[in-house]
Each structure stands twice: as C-alpha cells, then as structure tokens.
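below are the sequence and a predicted model; questions follow.
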Amino acid sequence: MHLFKLPKIVTKRIYMIISNFLWADQGKQKKIHLVRLDVIYQNVENGGWGIRDLENFNMALLAKNL
C-alpha cells in the first residue's frame, strides 16, 4: 500500500469483506445494520471503531514516501 495506489476494485473488495464480516451471518443472509459506516471509520477517541478508510490511508502512505 505504501508503494502503489490501490485500484478501486481492490478497495471495493476489501470493503465488501469488512461489511460481510460485520453484517452477514454464516448463511450469507444480511443482518440489520446497527452502526453507520461513518461511525466505523472514526477514530476510537472520537467514538468510532478505528477501522481505517483505505483510500485515504493509501494516499497518506504514498504522500509520506514523497
């Protein structure tokens, strides 16, 4: 992630894996969303879950290398 910009399809797939982990049961049936995505991506200090926004994190790592 710190050398190349991730393609949109890769970030979409990772977001799908995260959402399936959070909101799908073993039978692949969707559950009710009890938490909004903007809360999940907030810092723990701000009341979120601390999961990083991959697109912003990727851009920050690329900018760090410059």
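That came through fine. Numbering: from 1, shown residues only.

switch to C-alpha atoms for all contacts and neighbour counts from now on
Will do.

quick one: mean pLDDT for stretch 33-49?
Stretch 33-49 shows an average pLDDT of 82 in the prediction.

next one: stretch 4-24
Per-residue pLDDT values over stretch 4-24 give a mean of 86.

residues in contact with that stretch?
By Cα atoms under 8 Å, 6 or more residues apart in numbering, the list of residues contacting stretch 4-24 from outside reads 30-33, 54-55, 58-59, 62.

please work out how many residues are found near the residue lying closest to Asn43 once chain neighbours are set aside.
Once flanking residues are discounted, Asn43 sits nearest to Gly50: 4.5 Å by Cα to Cα, 6 or more residues apart in numbering. The number of residues packed near Gly50 is 14, by other Cα atoms under 10 Å.

mark which of the contacts of stretch 4-24 are buried, thanks.
The neighbour-count test (16 or more other Cα atoms under 10 Å) applied to those identifies 54, 58 as buried.

want to try JSON lines for the contacts of stretch 4-24, with distance to His2 and secondary structure as columns?
Written out in JSON lines, the entries for the contacts of stretch 4-24 read as follows (distance: Cα to Cα, whole Å; DSSP: H, G, I helix; E, B strand; the rest coil):
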{"residue": "Lys30", "distance to His2": "33", "secondary structure": "strand"}
{"residue": "Lys31", "distance to His2": "34", "secondary structure": "coil"}
{"residue": "Ile32", "distance to His2": "35", "secondary structure": "coil"}
{"residue": "His33", "distance to His2": "32", "secondary structure": "coil"}
{"residue": "Leu54", "distance to His2": "11", "secondary structure": "helix"}
{"residue": "Glu55", "distance to His2": "12", "secondary structure": "helix"}
{"residue": "Asn58", "distance to His2": "7", "secondary structure": "helix"}
{"residue": "Met59", "distance to His2": "8", "secondary structure": "helix"}
{"residue": "Leu62", "distance to His2": "5", "secondary structure": "helix"}
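
returning to what we had before: who's in contact with the residue nearest to Asn43?
Counting by Cα under 8 Å, 6+ apart, Gly50 makes contact with 40-44.

in the top helix by length along the chain, which residues are buried?
Once the chain is assigned using DSSP state H, the helix that runs over the most residues is helix 8-23. By neighbour count, with 16+ other Cα under 10 Å as the criterion, the buried positions of helix 8-23 are Asn20.

all set, thanks.
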